[in-house]
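[1] A predicted structure for the sequence below; I have some questions about it.
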Amino acid sequence: MDRTELGAALRTWRERLRPEDVGLPAGFRRRTPGLRREEVAQLAGVSTDYLTRLEQARGPNPSESVVAALARALRVTDAEREHLYRLAGASPPGPGRIRSTVRPSVQRLLDRFTDLPALLLDAKTDVLLWNPMAAALLGDFSALPPAGRNMARAMFTGPFRDEGDPDRERLDRAVVSDLRRAATRYPDDPDLRRLVTDLRAGSPVFARLWDLRELDERHGHTKTVRHRDLGPLLLDCNSLSVDADDQRLLVYSAAPGTPAADALDLLRVVGLQRVG
């Protein structure tokens, strides 16, 4: 582990990011460039003190999971991600692992979605990127620990579980099918195995559907999202495939003149603030 160079790299990569690059509000009175330590720590799911010690070359050897979380939080390139692992004294993930690194070109694409909620998922449904509109619609992902930023977890054991949704069964079957296909493509990915184990233990619905071994692709093009203040919103949900990385960009929209379109217009203005 090269503590000095690791600390310098973390600090340099933190300072080159803007809050809007990672779906955070810009705020005011930033005395230093880039993100604050506490913002990166929140995105990576570590304490601010831990990140401070790493940047000051006083920290312990970070685990592979922490290195992966820091790489995602800092939006590093493939080469930088591999370099980060080496500096931390760890081996970069080999072939057969789910790709959770975001290409700069995909980042630029998501940055163009300023008026619509958009988020990027990897093959195990981890939320890798989100824009401010997605945070306003679905919740502030940066406030969740890294393990909680997973759509399957949120749908089966977390805040997105809505038993009153008439499409619940269809969506459940589609998500389970997605994870089963991913498990076939990535049989040696430890994070995916851990996710499936946790969901089978924590959700009887997931366990039942997983054991059926059915494959169902009926995600549908419309979804009902229940906003904490605005109630149920019927939205179009389009999935754009990033084939080279086995990732998906989800974009939510609504037809002009509909109540859902008016709600999105309101969220564009108020952001994460409470409505009403």
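    That came through, no problem. Numbering: from 1, shown residues only.
[2] mean confidence for the lengthiest helix in the chain?
    In the chain, taking DSSP state H as the definition, the longest helix is helix 168-185. Helix 168-185 shows a mean pLDDT of 89.
[3] helices and strands around that helix, which ones?
    Secondary-structure packing of helix 168-185 (3 or more CB pairs under 8 Å, 6 or more residues apart in numbering; DSSP states H and E): helix 151-157, helix 190-202, helix 204-212. For every residue, glycine as well, the C-beta is placed using N, CA and C.
[4] show me where pLDDT drops low in the stretch 51-200 of the chain?
    94, 159-160, 162-166 (pLDDT under 70).
[5] rewinding a little: out of the helices and strands packed on helix 168-185, deepest packed?
    Highest mean neighbour count of those: helix 151-157, a mean of 22 (counted as mean count of other CB atoms under 10 Å).
[6] So which other helices or strands are in contact with it?
    Counting by 3+ CB pairs under 8 Å, 6+ apart, helix 151-157 packs on helix 168-185, helix 190-202, helix 204-212.
[7] Can you report phi and psi for L230?
    phi -100, psi -10 (degrees, to the nearest 10).
[8] I'd guessed it sits against L264; true?
    No: using CB atoms under 8 Å, L230 is not in contact with L264; the gap is 9.5 Å.
[9] who has more neighbours, these two?
    More crowded of L230 and L264, by other CB atoms under 10 Å: L264, with 22 against 18.
[10] give the contact list for the more buried one.
    Going by CB atoms under 8 Å, 6 or more residues apart in numbering, L264 touches 115-117, 133, 137, 233, 235, 252-254.
[11] And the helix or strand hosting it, what's buried?
    Assigned by DSSP states H and E, L264 belongs to helix 259-270. The neighbour-count check on helix 259-270 (16 or more other CB atoms under 10 Å) flags 260, 263-264, 267 as buried.
[12] Tell me the gap between that helix and the middle of its chain.
    Distance, stretch centre to chain centre, for helix 259-270: 23 Å (CA atoms, centre = their mean, to the nearest Å).
[13] Run the angle between the lengthiest strand in the chain and helix 259-270 for me.
    In the chain, with assignment by DSSP state E, the single longest strand is strand 231-242. Relative orientation of strand 231-242 and helix 259-270, computed by axes from the mean of the first three to the mean of the last three CA atoms, to 10 degrees: 80 degrees.
[14] Strand 231-242 packs against which elements?
    strand 222-227, strand 247-253, helix 259-270.
[15] Serialize the ones you listed to TSV and add fields for distance to D122.
    What follows is the helices and strands packed on strand 231-242, written out as TSV (distance: least, CB to CB, whole Å):
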stretch	distance to D122
strand 222-227	20
strand 247-253	5
helix 259-270	25
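[16] Out of these, the one nearest F206 is which?
    F206 sits nearest to strand 222-227 of all the helices and strands packed on strand 231-242, at 18.7 Å, using CB to CB.
[17] Show me how far the longest helix of the chain is from its chain's centre.
    18 Å.
[18] Between helix 204-212 and that helix, find me the angle.
    50 degrees.
[19] and helix 168-185, C-alpha only, in CSV?
    C-alpha atoms of helix 168-185 as CSV (Å, rounded to 0.1, in the frame of the first residue of the first chain):
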residue,chain,number,x,y,z
ARG,A,168,-46.4,-5.3,-8.2
GLU,A,169,-46.3,-9.0,-9.3
ARG,A,170,-45.2,-8.2,-12.8
LEU,A,171,-42.4,-6.0,-11.7
ASP,A,172,-41.3,-8.5,-9.0
ARG,A,173,-41.1,-11.3,-11.6
ALA,A,174,-39.2,-9.1,-14.1
VAL,A,175,-36.6,-8.0,-11.5
VAL,A,176,-36.0,-11.6,-10.3
SER,A,177,-35.6,-12.7,-13.9
ASP,A,178,-33.1,-9.9,-14.5
LEU,A,179,-31.0,-11.1,-11.5
ARG,A,180,-31.2,-14.7,-12.5
ARG,A,181,-29.9,-13.9,-16.0
ALA,A,182,-27.1,-11.8,-14.4
ALA,A,183,-26.2,-14.8,-12.1
THR,A,184,-25.8,-16.9,-15.2
ARG,A,185,-23.6,-14.3,-16.9
